[in-house]
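Colleague: turn this into a structure:
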Amino acid sequence: MENKFPTKRTGYTQNFQFPENGEVIYENPPTLIWIPVEGAKKYTVTVFDGDEVFEKIETSSCYANLTKKLSAKEYSW
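Modeller: Alright, predicted model coming up:
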């Protein structure tokens, strides 16, 4: 999947995208974090389990807290 989030910080308080592509994480359920997109008022975050939608979250923040625990396998978002 193509990364559509900015990859450069515009302020020191901004976090880089987490988790990074291919990164193993141990927080379950994880919090997904990204650098804000200028002018965005709302984000829709979709987590995929293969080709299936695992969870979809709408938020006005630059992070999303998943509500479901993930099994040990690969996911994309």
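Colleague: need the pLDDT of the residue minimising distance to the centre of the chain.
Modeller: A centroid search over the chain (Cα atoms, centre = their mean) returns Leu32, at 3.6 Å, as the residue closest to the centre. The model reports Leu32 with a pLDDT of 89.
Colleague: quick one: secondary structure of it?
Modeller: At Leu32 the chain is in strand, as set by DSSP: H, G, I helix; E, B strand; the rest coil.
Colleague: if we ignore the residues flanking it in sequence, what's nearest it?
Modeller: Spatial nearest neighbour of Leu32, chain neighbours left out: Ala64 (4.7 Å); criterion: Cβ to Cβ, 6 or more residues apart in numbering. (Each C-beta comes from the backbone N, C-alpha and C, glycine too.)
Colleague: tell me which element that neighbour is part of?
Modeller: Per DSSP states H and E, Ala64 falls inside strand 63-65.
Colleague: verify the contact between Thr44 and Val53 for me.
Modeller: No. Thr44 lies out of contact with Val53 (Cβ atoms under 8 Å); the separation is 11.2 Å.
Colleague: returning to that earlier point: report the separation between the residue nearest to the centre of the chain and Gly39.
Modeller: 20 Å (Cβ to Cβ, to the nearest Å).
Colleague: any stretches of the protein with poor pLDDT?
Modeller: Where the chain drops to pLDDT under 70, the residues are 1-18.
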